[in-house]
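Novice: Next comes the sequence, and after it the predicted model I'd like to discuss.
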Amino acid sequence: MADTTLLSHQPSLQQWCIWCKYLLPIALWANLLHAQAAPVPTVVVRFSHVVASNTPKGQMVEQLQKLVQQRSGGRIRLDIYPNSTLYGDDDEMEALQLGAVEMLAPSLSKFSAVGAAGFEVFDLPFLFQNMAQVRCVTQGTIGGKLLQSLSRQQMVGLGFLDNGFKQMSAPHPLKKVQDFGGLRLRIQASRVLSAQMRALGAQPVVLPFGETRQALASGVVDGAENPLSNFLTQRLAPVQRAVTLTDHGYLGYAVVANGQFWAHLGAADRALLTQALLDALQQGNRLSAQINQQARTVLEQTPGTQLHTLSVPERQALRQAVQPVHADFEGRGGSTLLRQIQRECLHQATEN
Ligand code: SIN
């Protein structure tokens, strides 16, 4: 017997005629309207980064994407590659210089490795007492000059973004210098951070950000330093029992673009991207403290995670122990920059 269920799904000639006469023109017209509403992008910006979306950097980049889309009507498209999905922090700078991506926001600690040594100043432990002091540097003439210096690295420095102050994490609280003894602590590739960990009696281990969790889980390293937003979103809590609220150093970012890409943009597109970025950075810098505070609230309620606050004498003792790191930085040619920061910015007493 013939299979009538299959045959009954074949469109009849009459049905085909209805389709050709009425539905096909409607479908073509709708397609045309859609094409007009969503123009094909003429500029595509690949923005790679290494953190999660719900962090100060992740949020800033998403805001930038939104603003660029709105203001260009879709003509400029920003594609985001978060969480080291395209490049890690060990190869993203090279990718930018080679033009494999157009924009990045590496942490300031990553710039000395590509020859921008002045950026190391941000890594100095216990340099900044509050965000007002940091902003005085990043949003003032000192920050402007640091961004300009990046032209020697075939990059255009476009602006600064805060994450916040770093905290130490380890299997036990790190309240005294003795608590650091013999620990292997993950750091970013920075001479200042390396000297900081050595001054505290720990062994620094340079690792890409994206490999930190695995290294902690497998015992390759014992601890790390990061603001709480990164600690939470990299899911470090299950592999680190104790977080000591040291606020010992600052973590921030510089947004950079590939020099050739930037130079070849049309003037109007460059202006649009610049303004969208300034607006996204302003919002990001407004939100960063809030995002870290939210992370702290979550971690305070996370079973198995202990947050330890330093007493004033404990913090003072750690601060004292890392003073040679400042002297070392000055000895390597950083003294003019450090003095300028001390003179112009470190008197700021209020929190932003
Ligand atoms: C980042 O926030 O971009 C990474 C920080 C780190 O490598 O510790």
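Specialist: That came through, no problem. Numbering: from 1, shown residues only.
Novice: The spatially most central residue of the chain sits in which helix or strand?
Specialist: In the chain, the residue lying closest to the centroid (CA atoms, centre = their mean) is K57, at 4.2 Å. Secondary structure assignment for K57, by DSSP states H and E: helix 56-72.
Novice: Any idea how many residues pack against L281?
Specialist: 23 (other CB atoms under 10 Å). Every residue, glycine included, has its C-beta placed from N, CA and C.
Novice: How about the secondary structure of it?
Specialist: Going by DSSP: H, G, I helix; E, B strand; the rest coil, the secondary structure assigned to L281 is helix.
Novice: Now for it: which residues touch it?
Specialist: M60, G159, F160, L161, V255 (CB atoms under 8 Å, 6 or more residues apart in numbering).
Novice: Distance of it relative to C345?
Specialist: 19 Å (CB to CB, to the nearest Å).
Novice: what's the answer for K66, then?
Specialist: Counting by CB to CB, the gap from K66 to C345 is 32 Å.
Novice: same check, this time on E225
Specialist: Taking CB to CB, one finds E225 at 23 Å from C345.
Novice: and the residue in the chain that the ligand sits nearest to, how many residues sit next to it?
Specialist: Using CB to the nearest ligand atom, the closest approach of the chain to the ligand is made by F209 at 3.4 Å. Residues lying near F209 (other CB under 10 Å) number 22.
Novice: quick one on the thing from earlier: can you name the two of the contacts of L281 that sit furthest apart?
Specialist: M60 and F160 (10.8 Å; CB to CB).
Novice: coming back round to it: name the residue in K66 and C345 with the higher neighbour count.
Specialist: Taking neighbours as other CB under 10 Å, K66 and C345 compare with C345 leading, 20 against 13.
Novice: correct me, but the more buried one touches Q139?
Specialist: No. Shown here, C345 and Q139 do not form a contact pair, counting by CB atoms under 8 Å, at 10.2 Å.
Novice: Near the ligand, which residues of the stretch 101-250 of the chain are found?
Specialist: S107, N163, Q188, F209, N226, N230 (CB under 6 Å from any ligand atom).
Novice: can you list contacts of stretch 200-218?
Specialist: Here stretch 200-218 has contacts from 50-51, 83-84, 88-90, 177-178, 180-189, 193-194, 196-198, 220-224, 230, 234-236, 239-240, 318, 321-322, using CB under 8 Å, 6+ apart.
Novice: And that stretch, how far out from the chain middle?
Specialist: Distance, stretch centre to chain centre, for stretch 200-218: 18 Å (CA atoms, centre = their mean, to the nearest Å).
Novice: Next, the buried residues of that stretch.
Specialist: 200, 202, 204-205, 207-213, 215-216 (16 or more other CB atoms under 10 Å).
Novice: Also stretch 162-172?
Specialist: D162, N163, G164, F165, K166, Q167, M168, S169, A170.
Novice: residue ranges with poor pLDDT in the protein?
Specialist: In the predicted model of the chain, residues 1-38, 350-352 satisfy pLDDT under 70.
Novice: try 90 this time
Specialist: Along the chain, segments meeting pLDDT under 90 span 1-41, 347-352.
Novice: Strands along that one, start to end?
Specialist: Ranges of strands in the chain, per DSSP state E, are 43-48, 76-81, 103-104, 155-170, 184-187, 203-206, 223-226, 242-258, 306-309.
Novice: now for the buried residues of stretch 162-172, which pair is the farthest apart?
Specialist: D162 and A170 (24.6 Å).
Novice: In the stretch 251-352 of the chain, mark out all the helices, start to finish.
Specialist: 259-264, 267-300, 312-321, 323-329, 335-344 (DSSP state H, counting those that start in this stretch).
Novice: Could you tell me the end-to-end distance of stretch 317-332?
Specialist: The stretch stretch 317-332 measures 25 Å between its terminal residues, going by CA to CA, to the nearest Å.
Novice: whoops, stretch 330-347 was the one
Specialist: First residue to last in stretch 330-347 (CA to CA) measures 20 Å.
Novice: Could you do stretch 102-122 as well?
Specialist: With CA to CA, one end of stretch 102-122 sits 25 Å from the other.
Novice: Also stretch 300-309?
Specialist: First residue to last in stretch 300-309 (CA to CA) measures 12 Å.
Novice: can you give me how far it is from the chain middle?
Specialist: 24 Å.
Novice: ditto for stretch 65-84
Specialist: 17 Å.
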